[in-house]
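Participant: Attaching a predicted model along with its sequence, questions to come.
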Amino acid sequence: MYYNLAVLALFAFLFSAVAGRIERSIISGPMIFIGFGLISGPMILGVLNIKVDAVQLRIIADLALALVLFIDAANADLSLLRKFSHIPSRMLLIGLPLTITLGVIIGWLFFPQIPLFELCILSTMLAATDAALGKGVVNNKAVPARLREGLNAESGLNDGLCVPVLFLFIALAVNSQTEGTTLALTLFVKEIGIGALVGLILTGVGAAIMQFCYSRGWFTHIWLQIPVIALAFSCFAVAQTLHGSGYIAAFAGGLLFGRLAKKDTHELVLASEGIAELIVMLTWVTFGVAVVGQVWLGISLNVLLYSLLSLTVIRIIPIIISLHGTDESWEHKLFLGWFGPRGLASIVFLLIAISNPLQSKSILIDVVVCTVTLCVITHGISANLWAKRLAQRSQGNNI
């Protein structure tokens, strides 16, 4: 145990020393984390021997995703988001259903042996975009602000909206259609409604307590860094406990926190961002050690081709259709379609799905792992390159 801890701690120290340089290159942090996990794992060097089960991996990924969602929402520019709300709303209300539908159609062509509702499960898992993996674009000031805020809002709400859809298809796959539909309607109300309510109530009360105690000098500089992390995890965990969407709770809570904290938001969430990056790093390293190598050894051509289509055609065409009639240029539409990274959310959804008695578990695992791995590489390489191109075309226009 301590040996693994020593290796991870030294790696984290070395990466933190060069993180600023890496952020400006075509190599992203997740690419390095997965690569380190793969190379140092038992399949190659055997330096790391991390043994985790599906539940443990899900807990790590859930915590990372919840904290990233809360922080990104808190840092969102609400005035700009309101002004350009048509971008994320169209992507979610039109683009997301079209993405799931197109994924099912193309999936049927590549995997005719998979039952229909399991194809729906696969498509839903890959329709969920990842706020953590998209930070390289969302935080890049070279990208026009409306595109950044649009992607940030979409990725924050996308995961929560996909949860009840995922449970619907799981219910239909393992139960009768009537039972599945009834369960889905109940889940939809619970997931969205309870999640949003929990996030807003907990954050509202928490922010009031923070303000009351801070004005009386009861906070210390050290403990002032803790409340944001505790609020993010509380929103997520309480919502999940009450059978709501923890992702919606974390994002809604973060939006309210940023609204209430105003100019102090950056200072309050700064320490949390470092913790979030550390948990994300641990998740990707674990993914590289325990999953990537084993799955890629058995990847078939159909799995590889479908994964490539999932990153391109299946995502981009629906987003372009959803943005039809807006003032966005073709390049901006392509940019919004391309940067819908599959990452932690897809991994968590996969772990949820395979805990059920599905016929095609092995194919689902292969496709999701292949898609996420390709996504980490392609999005990591293209993020800064495309952002610089947009900056040059924008000629200093901030929106």
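Facilitator: Okay, I see it.
Participant: Look up which helix or strand the nearest residue to residue 149 once chain neighbours are set aside falls in, please.
Facilitator: Closest residue to residue 149 in three dimensions, ignoring its sequence neighbours and counting by Cβ to Cβ, 6 or more residues apart in numbering: residue 81, at 4.8 Å. Quick note: C-beta positions are derived from backbone N, CA and C, even for glycine. Following DSSP states H and E, one finds residue 81 within helix 78-83.
Participant: buried stuff in that helix?
Facilitator: 80, 81 (16 or more other Cβ atoms under 10 Å).
Participant: How about the contacts made by residue 255?
Facilitator: 73, 74, 76, 78 (Cβ atoms under 8 Å, 6 or more residues apart in numbering).
Participant: And the third one, how close does it get to residue 201?
Facilitator: Looking back up the chat, that one is residue 76. Residue 76 is 20 Å from residue 201, where distance means Cβ to Cβ, to the nearest Å.
Participant: The two: which is more packed in?
Facilitator: residue 76 (22 against 16; other Cβ atoms under 10 Å).
Participant: Specify the local secondary structure of that one.
Facilitator: coil (DSSP: H, G, I helix; E, B strand; the rest coil).
Participant: Surely it touches residue 152?
Facilitator: Yes. With contacts counted by Cβ atoms under 8 Å, residue 76 reaches residue 152, the gap being 5.8 Å.
Participant: avg pLDDT for the helix holding residue 81?
Facilitator: For helix 78-83, mean pLDDT is 75.
Participant: What's the first helix or strand after that helix?
Facilitator: helix 86-90.
Participant: helices or strands up against the helix or strand just after that next one?
Facilitator: Stepping forward along the backbone from helix 86-90, the first helix or strand reached (DSSP H and E) is helix 96-110. When contacts are defined as 3 or more Cβ pairs under 8 Å, 6 or more residues apart in numbering; DSSP states H and E, helix 96-110 sits against helix 116-127, helix 145-174, helix 301-311, helix 313-322.
Participant: Flag every buried residue along helix 96-110.
Facilitator: 96, 98, 99, 100, 102, 103, 104, 106, 107, 110.
Participant: and for that helix, what are the contacting residues?
Facilitator: 114, 116, 119-120, 122-124, 126-127, 158, 161-162, 165, 302, 305-306, 309-310, 313-315, 317-319, 321-322.
Participant: sorry, back to before: lowest mean pLDDT across the helices and strands packed on helix 96-110, which one is that?
Facilitator: helix 145-174 (a mean of 82).
Participant: Any buried residues in that helix, and which?
Facilitator: Under 16+ other Cβ under 10 Å, the buried positions of helix 145-174 are 145-173.
Participant: and if you look at stretch 237-256?
Facilitator: 237-240, 244-256.
Participant: Mark which of those are part of helices, please.
Facilitator: Among the buried residues of stretch 237-256, the residues falling in helices (DSSP state H) are 237-240, 246-256.
Participant: between the helix or strand containing residue 363 and helix 96-110, how many degrees?
Facilitator: Using DSSP H and E, the element containing residue 363 is helix 361-394. On the basis of axes from the mean of the first three to the mean of the last three Cα atoms, to 10 degrees, helix 361-394 is oriented at 130 degrees to helix 96-110.
Participant: What is helix 361-394 packed up against?
Facilitator: Against helix 361-394 (3+ Cβ pairs under 8 Å, 6+ apart) you get helix 29-40, helix 116-127, helix 135-138, helix 293-296, helix 301-311, helix 330-338, helix 344-353.
Participant: Mean neighbour count and distance to residue 286 added to those helices, as TSV?
Facilitator: Listed next are the helices and strands packed on helix 361-394 as TSV, based on neighbours: other Cβ atoms under 10 Å; distance: least, Cβ to Cβ, whole Å:
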stretch	mean neighbour count	distance to residue 286
helix 29-40	22	7
helix 116-127	26	19
helix 135-138	24	19
helix 293-296	16	13
helix 301-311	19	21
helix 330-338	18	27
helix 344-353	25	10
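Participant: Please name whichever of the ones you listed is nearest to residue 87.
Facilitator: helix 330-338 (7.2 Å; Cβ to Cβ).
Participant: send the alpha carbons of the closest one over as CSV?
Facilitator: Output of helix 330-338 as CSV, limited to C-alpha atoms (Å, rounded to 0.1, in the frame of the first residue of the first chain):
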residue,chain,number,x,y,z
TRP,A,330,-19.7,26.7,-39.3
GLU,A,331,-16.4,26.6,-37.5
HIS,A,332,-18.0,27.4,-34.2
LYS,A,333,-20.7,24.7,-34.7
LEU,A,334,-18.0,22.2,-35.5
PHE,A,335,-16.0,23.3,-32.4
LEU,A,336,-19.0,22.9,-30.1
GLY,A,337,-19.7,19.5,-31.7
TRP,A,338,-16.1,18.3,-31.5
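Participant: Now do that helix, average pLDDT.
Facilitator: pLDDT averaged over helix 330-338 gives 90.
Participant: quick one: that helix to chain centroid distance?
Facilitator: 19 Å (Cα atoms, centre = their mean, to the nearest Å).
Participant: got the contact list for it?
Facilitator: 87, 91, 143-144, 147, 150-151, 312, 315-320, 323, 328, 379, 382, 386, 390, 393.
Participant: rerun at 6 Å
Facilitator: Identification of contacts with helix 330-338 by Cβ atoms under 6 Å, 6 or more residues apart in numbering yields 315, 316, 319, 320, 323.
Participant: Who wins on neighbours among those residues?
Facilitator: Ranking the contacts of helix 330-338 using other Cβ under 10 Å puts residue 315 first, with 27 neighbours.
Participant: looking at the protein, which helix or strand is least sure?
Facilitator: helix 177-189 (a mean of 59; mean pLDDT, DSSP states H and E).
Participant: That one: what's the following helix or strand?
Facilitator: Heading C-terminal from helix 177-189 (DSSP H and E), you reach helix 195-215.
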